[in-house]
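**Q** Based on what follows, work out the 3D shape:
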Amino acid sequence: MTHLITNLVGRIALAILATIALAQPVSAAEGVPLHDGWQFIKGDPAGASAQTYDDDGWASVTVPHTYNAVDSGIGGAKARGEPEGKYYRGPAWYRLMFDHASTVGKRQILHFGGATLKADVWLNGRKVGMHRGGYAAFRFDVTEYLKAGRNILAVRVDNSKNPEISPLNGDFNVFGGLYREVRLIEVPDLHFDRMNHAGPAIRGWTESIGKGSARIGTTVELVNSRSQPTRFELETQIVDAAGVAVATQRDGVQLAAGEKRAMPASFTVANPKLWRGRADPYLYRIRSRIIEGDAAIDSQSVPLGIRTVAVKTDGTFLLNGERYPLYGVNMQMPTRFGRGPIVTDGEIDEDMRLIDEMGATGIRLAHMQHPPRVYDRADELGMLILTEVPLIDDHDQSDAFRENLVQQMKELIAQHTNNPSVALWGIGNEIRVSDAASNRLLADLNKTAHTLDPYRPTTYAHCCLDDDDPIAQHSDTVSYNRYFGWYWTKSEDIGPWADELHTKMPNRPIGVSEYGAGGSIRHQEDPVVKRPESNGYWHPEQYQTDFHIKHWLEMKKRPFLWSTFVWVAIDFPSFKRNEGDRPAINDKGLITEDRTPKDAYYWYQANWAEKPMLHIASSRDTQKRTRQVKAMAFSNLPAIEVRLNGGEWTSVNVEDRMAKWTVELADGANLVEARARTPDGRLLTDKVGWRYDLRP
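**A** So this is what the prediction gives:
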């Protein structure tokens, strides 16, 4: 009894805190976070949606939350002799008690940042709605369900494999739960429409860029929920990075009772600063206000990068009409060991910083919609994004599956159309069967993308069928997932393959959407004797480095490849995997799961980064097996100097971003040093300790 009273008092206290939070003046776009006070149970107890249900025995959690957190570090099916990794895929329930103060003339909207894969929502025992799809935000208008005083929110989440919801397959864990934020948004009854696939009510795009000016198109979606017609003023501005308006329109608008209307507008920005990728990712904002009388009663704001993107038939990627090399990494959903997708903005920023410091011009976001912070940081850093719907490997033949995937495409575009970093919409990855249903599915996704956004091209990641299969012909561009030198043949074969394909399809923009090899910083073998087994234990870091050296030297010579993306930026959990230095991890990352860059990371940094760099390879291979070692360092400077054990400095030329020299090790410990002077006079240094013990 004491436990019950203590638990109830604690929950009432949290409800009071929630009431206080709801009373604070906040941006309508942000809403009030509903983080604390949730009760959780894994399973499917009967009656859990009822307002009077007793959830006292449930666990207390905060949201965001996943019930597969531990599963991010387990798996490795083959290690246990099982056909697939065992992690929980099934239903779970969340319940939240909170107080709400009565408000007149307001609408209340529940915002869910993401719930995998299916969510059913009840408020005060009444069914609010259902959402199918695990990676997009979704919202419900709960004005008619919310009451003054105590409210009970119940959510059933289910990450079971569902034939009507994509993805049906994938080399990653499907983390169940309310794994992104939940918020309550309050808006006036005359407001900007937040209910269009959970996107902002403003959409902006660059219509054209001319000499000394740019033409910007916008639409603003309005809703009059009042019972009478209303006249008001709509003010929309484009403001620069300093917050100064560079273009303004203010118009009188009248909406009938219950009317929704999209208001188009066109703006001219004089002497615009363009969003130019890494060189200058300049951001404007579009701000819109509903003004009634002398007061702004609702407002919205979205980013605007004045820029255009296109891909020519010869494979030239264009940013603002000029050739722009597009290369970088794939990024799987941000996760952290033991927490899965429950990551902070700061941790996402760290991932983006590592990719930025490598010098990548682009990121392919595999294989689903990522957290908004990823797109926002890409806007600010000037990295172009390919983002795709979660159509991976398998698909169901049903109309329900196709319609759900089209819905997910609509959500992806609605929620990220204003991010200037987004360059292409991806319509799928590695469909394994080419039949009528497959082709109709891709055709519908491509049509949906072009209908909603005619200003961005589409792309598709192809594998496992003929290179020119009809599956690969729906999108504006196509890229290929190719693993020469890892799953088959040798690394250098990427070049001849690309040449043959380009000859076969000279007017089809082709790229490489995935290429990579496993690599463990725990596994050191210098020099590598043979190609490792891809599904085996031994994945030496040196082989991964050699793989990427050979691939990049081949691909950079072929400008007809409109993009190239390494698989993958960071090691990530995958229940299917039982290879490399531990189970349940895809170890093809250039960076380990604990965010340690591997040698291959520095190889690309030497080739891509603007900032001068120097890195000696094989620093972790401390116990050498031969006295004579072929040393190598990566640098983007023309020459470096090296020395052994404090001896004389010797100059070594850098060719193809590599400096190579031979080291004759002494018995015992050795110190190998490298240095280089930057154009502005700074001294870069690196050193490694290598040991050689004379063997009998």
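**Q** Which residue comes closest to residue 677 once chain neighbours are left out?
**A** With C-beta to C-beta, 6 or more residues apart in numbering as the criterion, residue 677 has its nearest non-adjacent residue at 5.9 Å, and that residue is residue 683. C-beta coordinates here come from the backbone N, C-alpha and C atoms, glycine included.
**Q** So that neighbour sits against residue 649, correct?
**A** No: counting by C-beta atoms under 8 Å, no contact exists between residue 683 and residue 649, whose distance comes to 12.0 Å.
**Q** Now for these two: what residues contact both?
**A** The overlap between the contact sets of residue 683 and residue 649 (C-beta atoms under 8 Å, 6 or more residues apart in numbering) consists of residue 675.
**Q** Contacts only, for the residue nearest to residue 677.
**A** When the contact criterion is C-beta under 8 Å, 6+ apart, the partners of residue 683 are 675-677.
**Q** Kindly check the end-to-end length of stretch 104-115 for me.
**A** Across its full length, stretch 104-115 reaches 31 Å between end residues, using C-alpha to C-alpha, to the nearest Å.
**Q** Can you point out the buried residues in that stretch?
**A** Of all the residues in stretch 104-115, those buried under the rule 16 or more other C-beta atoms under 10 Å are 107-115.
**Q** Likewise for stretch 423-432?
**A** Residues of stretch 423-432 classed as buried by neighbour count (16+ other C-beta under 10 Å): 423-431.
**Q** of those, closest to residue 186?
**A** Proximity of the buried residues of stretch 423-432 to residue 186 (C-beta to C-beta) peaks at residue 425, which lies at 32.2 Å.
**Q** which non-adjacent residue is nearest the closest one?
**A** residue 449 is the one closest to residue 425 (C-beta to C-beta, 6+ apart), at 4.3 Å.
**Q** Assign that neighbour to one of the three secondary structure states.
**A** Of the three states, residue 449 takes helix under DSSP: H, G, I helix; E, B strand; the rest coil.
**Q** need the strands for the stretch 201-350 of the chain, in chain order.
**A** For the stretch 201-350 of the chain, the strands defined by DSSP state E, counting those that start in this stretch cover 202-210, 213-224, 230-239, 245-255, 260-270, 284-292, 295-304, 309-311, 317-319, 322-323, 327-331.
**Q** Would you mind finding the most buried of these?
**A** Mean neighbour counts were taken over those using mean count of other C-beta atoms under 10 Å, and the top value, a mean of 24, falls to strand 327-331.
**Q** Could you count how many residues lie near residue 642?
**A** Per other C-beta atoms under 10 Å, the neighbour tally for residue 642 reads 22.
**Q** which ones are touching it?
**A** For residue 642, the contacting residues are 631, 633, 649-650, 652, 659, 661, 672-675, taking C-beta under 8 Å, 6+ apart as the criterion.
**Q** among those, who's most crowded?
**A** Neighbour-wise, the contacts of residue 642 (other C-beta under 10 Å) top out at residue 659, 27 neighbours.
**Q** Which residue ranges of the stretch 451-600 of the chain form strands?
**A** For the stretch 451-600 of the chain, the strands defined by DSSP E, counting those that start in this stretch occupy 458-462, 478-481, 510-514, 561-566, 572-579, 582-586.
**Q** would you turn those into a markdown table with distance to residue 341, mean neighbour count and mean pLDDT?
**A** Rendered in a markdown table, the data for the strands of the stretch 451-600 of the chain read as follows (distance: least, C-beta to C-beta, whole Å; neighbours: other C-beta atoms under 10 Å; pLDDT from 0 to 100):
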| stretch | distance to residue 341 | mean neighbour count | mean pLDDT |
| --- | --- | --- | --- |
| strand 458-462 | 22 | 27 | 98 |
| strand 478-481 | 23 | 24 | 98 |
| strand 510-514 | 21 | 24 | 98 |
| strand 561-566 | 21 | 26 | 98 |
| strand 572-579 | 10 | 23 | 91 |
| strand 582-586 | 15 | 22 | 92 |
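**Q** Can you add distance to residue 490 and give those strands back as JSON lines?
**A** As requested, the strands of the stretch 451-600 of the chain are arranged in JSON lines below (distance: least, C-beta to C-beta, whole Å):
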{"stretch": "strand 458-462", "distance to residue 490": "22"}
{"stretch": "strand 478-481", "distance to residue 490": "17"}
{"stretch": "strand 510-514", "distance to residue 490": "16"}
{"stretch": "strand 561-566", "distance to residue 490": "18"}
{"stretch": "strand 572-579", "distance to residue 490": "20"}
{"stretch": "strand 582-586", "distance to residue 490": "22"}
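**Q** Out of the ones you listed, which gets nearest to residue 242?
**A** Using C-beta to C-beta as the criterion, the shortest distance between residue 242 and the strands of the stretch 451-600 of the chain is 33.7 Å, found for strand 561-566.
**Q** Show me what that closest one is packed up against.
**A** Judged by 3 or more C-beta pairs under 8 Å, 6 or more residues apart in numbering; DSSP states H and E, strand 561-566 is in contact with strand 327-331, strand 362-365, strand 478-481, strand 510-514, helix 541-555.
**Q** Format these as TSV; extra columns: distance to residue 604.
**A** Listed next are these as TSV, based on distance: least, C-beta to C-beta, whole Å:
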stretch	distance to residue 604
strand 327-331	8
strand 362-365	13
strand 478-481	18
strand 510-514	14
helix 541-555	7
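**Q** Tell me which of the ones you listed approaches residue 279 most closely.
**A** Minimum separation from residue 279 across the helices and strands packed on strand 561-566 (C-beta to C-beta) falls at strand 362-365, 13.8 Å.
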